[in-house]
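# I'll drop the sequence and a predicted model, then ask my questions.
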Amino acid sequence: MSSNSLLSITGGLFLIILIAEHCSAKRKWDYEPLSINTYSSDESKLKFVAKIERVARGEFAIGGTIDFKYTPDSNTMVEAVAHRSISGAESDYKLIPFTIAKQPFPDYMNSHYKDLVIRNLAKCSNLIQFEGKFDGVWPQKVYTLDKCVADSDGFPEMVPEGFYRINFTVTNPVDWGFVLIVKIFNKLM
Ligand SMILES: *[C@@H]1O[C@H](CO)[C@@H](O)[C@H](O)[C@H]1NC(C)=O
């Protein structure tokens, strides 16, 4: 065995341990969604309505409906970008590396959707769930999100405080998505 492959095996093991620790660790931050704006270039193909709901004192959730009247395919692209502002002032927003690189819909389903969307939204929505590989068919129907909170794992243990603006976009044949502004703050331990 070359020292190079030994290095990559130990490197890989180290990474697995890091990720395992990362996921079991308790989140040290909390969040408050401040606004969500949805958009669609063609509501006859996709209509998206969302709102922030206060579920208890200091606890907020996201609710809404996504009416899918088209079938996304491999020409449909998914992308997300995020900006962070320390003060919340518009002029302070700077692009941060947390992004979903522009990718075909099936790739998104087999990566972020599986890792984050299902884990966090399965309990509060009728968004599709699958085991193994996505079979390529996204059913046309009305998807409902009811009091969704991101309380699951899959997020980093530490996140710098500030205001985060996440712009999630799906393009072709209809351009739709949302812009979510979330305030992140450290938990009082
Ligand atoms: C969100 O992204 C879309 C597509 O890139 C863009 O057209 C839109 O201006 C963006 N909105 C914001 C608020 O950044």
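On my side now, so go ahead.
# And stretch 131-139, what's buried?
Taking 16 or more other Cβ atoms under 10 Å as the basis for neighbour counts, the residues of stretch 131-139 that come out buried are Phe134, Trp138. For every residue, glycine as well, the C-beta is placed using N, CA and C.
# what stretches of this structure score poorly on pLDDT?
Per-residue confidence of the chain (counting by pLDDT under 70) places the weak regions at 1-25, 151-154, 189.
# The ligand contacts on that one?
Among all residues of the chain, those adjacent to the ligand (criterion: Cβ under 6 Å from any ligand atom) are Asn167, Thr169, Val179.
# Keep only those of these that are in strands.
Where the residues of the chain next to the ligand overlap with strands, as defined by DSSP state E, the overlap consists of Asn167, Thr169, Val179.
# Report the buried members of the residues you listed.
Under a neighbour-count criterion of 16+ other Cβ under 10 Å, the subset of these counted as buried comprises Asn167, Thr169.
# and of the ones in strands among the residues of the chain next to the ligand, the nearest to Gly63?
Of all those, Val179 has the smallest distance to Gly63: 16.7 Å, by Cβ to Cβ.
# What residues does the closest one make contact with?
Val179 sits next to Ser35, Ile36, Asn37, Tyr39, Arg165, Ile166, Asn167, Phe168 when contact means Cβ atoms under 8 Å, 6 or more residues apart in numbering.
# who's in contact with the third one?
Right, Asn37. Asn37 makes contact with Phe178, Val179, according to Cβ under 8 Å, 6+ apart.
# If we use 10 Å, what do you get?
Residues counted as contacts of Asn37 (Cβ atoms under 10 Å, 6 or more residues apart in numbering) are Ala50, Asn167, Gly177, Phe178, Val179, Leu180, Ile181.
# Drop anything exposed from these.
Of the members of the contacts of Asn37, the ones counted as buried by neighbours, 16+ other Cβ under 10 Å, are Ala50, Asn167, Gly177, Phe178, Leu180, Ile181.
# hang on, the fourth one packs against Phe168?
Yes - using Cβ atoms under 10 Å, Phe178 is in contact with Phe168, at 5.5 Å.
# what is in contact with the two at once?
Taking Cβ under 10 Å, 6+ apart as the contact criterion, the residues that touch both Phe178 and Phe168 are Thr38, Ala80.
# Filter the contacts of Val179 down to the buried ones and hand me the ChimeraX line.
Selecting only the buried members of these in ChimeraX, with burial defined as 16+ other Cβ under 10 Å, works like this:
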select :36,165,166,167,168
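# Let me know the closest of the contacts of Val179 to the ligand.
Closest to the ligand out of the contacts of Val179 is Asn167 (3.7 Å), distances taken as Cβ to the nearest ligand atom.
# wait, the closest one sits on Trp176?
No - counting by Cβ under 10 Å, Trp176 is not a contact partner of Asn167; they are 11.8 Å apart.
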